[in-house]
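Take a look and give me a structure for this.
(one chain, ligands or ions: 1)
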Amino acid sequence: MKEPDAVKIQELRTERLRLRPWREEDREPFARMNADPRVMEHFPALLSREESDASVDRALAHFAQYGFGVWAVELPGEAEFIGYIGLWHPTIETHFTPCVEIGWRLAYEYWGRGYAPEGARASLRFGFEQLGLEEIVSMTAPVNLRSRRVMEKIGMTRNEADDFDHPRVPDGHPLKRHVLYRLKRSDWARIAAQ
Ligand SMILES: CC(C)(COP(=O)(O)OP(=O)(O)OC[C@H]1O[C@@H](n2cnc3c(N)ncnc32)[C@H](O)[C@@H]1OP(=O)(O)O)[C@@H](O)C(=O)NCCC(=O)NCCS
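Coordinates of the predicted model:
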């Protein structure tokens, strides 16, 4: 594994969370999350240990290339690793790419405490204020109401005209259709000032 310290990764702190570089020890609890049918309910398949590790490798490669990515999330004093929250460039080609997406995946035991929106707001701030992005998007299957709720709580909005078929989901699969939420820098500035 590439040593995270080889790339200068900025940590983000919130009231309750530390968004930090990935560590080797995160791989095991991350693989457990990715094999949990509750966490993966709205994804086409559970991930094997190898597939889970490959997604960590992709996260590290993204940090190495762009200096940001999905951070490992820690609850200081309570849990070393509860999932990820962060920003990345999706590699699919569709009507709104290239773009930067925000996303999250947390272990089931930590749901319902507002951690995803808390970490997401810090990620938005980083994206708009440090990276200088003009817009950040998020996408999910329409049935993923929890994730859509997080998008709404952080101020993102959906336009039905942006709905799209995810190019990596097989035709005819129930998760093929996706909704897109957007947040523009100007709207972020307004929300952040409230
Ligand atoms: C999506 C996820 C990150 C949310 O994290 P979280 O820290 O639990 O988020 P919150 O604490 O804000 O709770 C989610 C919100 O969804 C609401 N919610 C929960 N279940 C819901 C349901 N079945 N229908 C509608 N809303 C629901 C909660 O009430 C809460 O909103 P509220 O604060 O207005 O009451 C977490 O559920 C998760 O990791 N899911 C699996 C991975 C995933 O789907 N990732 C996103 C892929 S796009």
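
Pull the CA coordinates from the helix or strand hosting residue 33 and hand them back as PDB.
Residue 33 is part of helix 27-34, with elements assigned from DSSP states H and E. Presented in PDB, the C-alpha positions along helix 27-34 are these (Å, rounded to 0.1, in the frame of the first residue of the first chain):
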ATOM      1  CA  ARG A  27      -9.000  -2.200   5.400                       C
ATOM      2  CA  GLU A  28     -10.500  -4.900   7.600                       C
ATOM      3  CA  PRO A  29     -13.400  -2.900   9.100                       C
ATOM      4  CA  PHE A  30     -14.100  -1.300   5.700                       C
ATOM      5  CA  ALA A  31     -14.300  -4.800   4.200                       C
ATOM      6  CA  ARG A  32     -16.800  -5.800   6.900                       C
ATOM      7  CA  MET A  33     -19.000  -2.800   6.000                       C
ATOM      8  CA  ASN A  34     -18.800  -3.700   2.300                       C
END
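
Can you tell me, leaving aside adjacent residues, what's nearest to the residue most central in space within the chain?
Nearest residue to the geometric centre of the chain (Cα atoms, centre = their mean): residue 103, 2.0 Å. Spatial nearest neighbour of residue 103, chain neighbours left out: residue 138 (6.3 Å); criterion: Cβ to Cβ, 6 or more residues apart in numbering. All C-beta atoms are positioned from the backbone trio N, CA, C, and that covers glycine.

For the lengthiest strand in the chain, list the C-alpha coordinates in CSV.
Looking across the chain with DSSP state E, the single longest strand is strand 79-88. C-alpha atoms of strand 79-88 as CSV (Å, rounded to 0.1, in the frame of the first residue of the first chain):
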residue,chain,number,x,y,z
ALA,A,79,-13.9,4.5,17.1
GLU,A,80,-10.9,4.5,14.9
PHE,A,81,-12.8,3.9,11.7
ILE,A,82,-16.5,4.2,10.9
GLY,A,83,-16.5,4.6,7.1
TYR,A,84,-15.7,7.3,4.6
ILE,A,85,-16.9,10.7,3.5
GLY,A,86,-15.4,12.9,0.8
LEU,A,87,-15.0,14.1,-2.7
TRP,A,88,-13.9,12.5,-5.9
